[in-house]
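*Asks:* fold the following, please.
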Amino acid sequence: MFGIGGGEFITLIFVALILVGPDKLPKLSVDAARLIKRIRLLANNATTELRENLGPGFEDLQVTDLHPKKLITKHLNEALGETTQEVSEISKSAKIDPDLL
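*Replies:* Numbering: from 1, shown residues only. A predicted model of the protein is given here:
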């Protein structure tokens with residue numbers, strides 16, 4: 001979970017008990033869980049609105065696809081894939097007739 005091991009997790013709980021206190025820790029954890037849930041809901045709503053506003057053809061849009069590096073990589077892979085298919089089709093059709101040699 002978030003790259004935190006068992007010992008580190010126990011240490012974080014112990015520090016939280018000392019800093020916040022055992023009486024306020026349950027309320028703090030409930031509030032933190034609500035905050036995380038609310039942030040997830042806002043992110044999902046924003047993604048849904050983005051898909052709706054972009055219109056048809058973007059139903060399978062992922063938010064990570066909008067990262068510039070991934071967007072360029074995706075388009076380059078599509079372009080190279082088409083070029084590779086064209087080259088393989090040309091090489092299949094361009095066979096040398098043995099009688100001409």
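*Asks:* now the closest residue to Val63 other than its chain neighbours: how far from Leu54?
*Replies:* Nearest residue to Val63, sequence neighbours excluded (CB to CB, 6 or more residues apart in numbering): Thr47, at 5.5 Å. From N, CA and C alone the C-beta is placed, and that goes for glycine too. To Leu54, Thr47 is 11 Å away according to CB to CB, to the nearest Å.
*Asks:* need the overlap of contacts for those two.
*Replies:* Shared contacts of Thr47 and Leu54 (CB atoms under 8 Å, 6 or more residues apart in numbering): Leu61.
*Asks:* picking that back up, thought the residue nearest to Val63 was touching Thr64?
*Replies:* No. Counting by CB atoms under 8 Å, Thr47 stays clear of Thr64, with 10.5 Å between them.
*Asks:* please say which of those two ends up with more neighbours.
*Replies:* Using other CB atoms under 10 Å as the criterion, Thr47 and Thr64 rank with Thr47 on top: 13 against 8.
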